[in-house]
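>>> let me see the structure of the following:
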Amino acid sequence: MDCVLLRHGIAVERNEWEGPDADRPLTEKGKRRVREVAAGLSRLDVQPTHVLSSPLIRAIETAKIAHSSLRVRSAVHIVDELLPDALPDRLLSILRDLPPESCVLCVGHEPQLGMAASVLLSGRATASFPLKKAGACLIELSIPTKPGRGVLRWWLPPDQLRAIGKRGGG
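Predicted coordinates for the structure are as follows:
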């Protein structure tokens, strides 16, 4: 199984937003950059069979852009296991229930995504693997999925993903 962890794009700054933090949307620049990152994911032959998103608006918007750009057939599933403070083990329980041939795109936040990557790769939850906004990584998971058994295939910041997308004319 392939697991792509994608951090949400650039959102409106907290000090510029009057509503609840959960409702902070992507900026126009954030939306454009997520589209460019999705083009890079496409050039890397990322073909998700499942898209999971945090319930926060900025993650949902990111997931919907990636979902559309990557032409995913299944719906975006909103899961609390991708909230910023969710324990990484909760995400592992979802991944274990997916078919072995799946490619799952998980859209969320820091520090949760970095902690999940840490558990998948090293078996321990540490803050050693942060993702930049609209940055992504691909971790190949063993079946059954177990902590520390993941294999890192690539880890790319958003500027490199965008450059890969532009190279393909996409």
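>>> just list whatever residues bridge to residue 52.
residue 77, residue 106 (DSSP bridges).
>>> was I right to think it contacts residue 102?
No: look at residue 52 against residue 102 with C-beta atoms under 8 Å: they stay out of range, at 10.8 Å. The way it works is simple: take the backbone N, C-alpha and C, and place the C-beta from them, glycine included.
>>> between those two, who's got more neighbours?
Comparing residue 52 with residue 102 by other C-beta atoms under 10 Å, the one with more neighbours is residue 52, at 23 against 17.
>>> who are the neighbours in contact with the more buried one?
Each residue near residue 52 by C-beta atoms under 8 Å, 6 or more residues apart in numbering is listed here: 63, 76, 77, 78, 79, 81, 82, 94, 104, 105, 106, 107.
>>> ditto for residue 161
36, 37, 40, 41, 134, 135, 136.
>>> contacting residues for residue 99?
1, 49.
>>> distance of it from residue 150?
Here the distance between residue 99 and residue 150 works out to 17 Å (C-beta to C-beta, to the nearest Å).
>>> give me the residues contacting the lengthiest helix in the chain.
When the chain is parsed with DSSP state H, its longest helix is helix 28-43. For helix 28-43, the external contacting residues (C-beta under 8 Å, 6+ apart) are 4, 6, 8-11, 26, 58, 61-62, 65-66, 69-70, 133-134, 136, 156, 158, 160-168, 170.
>>> one more: stretch 8-25?
26-27, 29-31, 33-34, 37, 54-59, 61-62, 65, 107-109, 133-134.
>>> returning to that earlier point: so which of the contacts of residue 52 is the most crowded?
With neighbours taken as other C-beta under 10 Å, the top of these is residue 107, carrying 32 neighbours.
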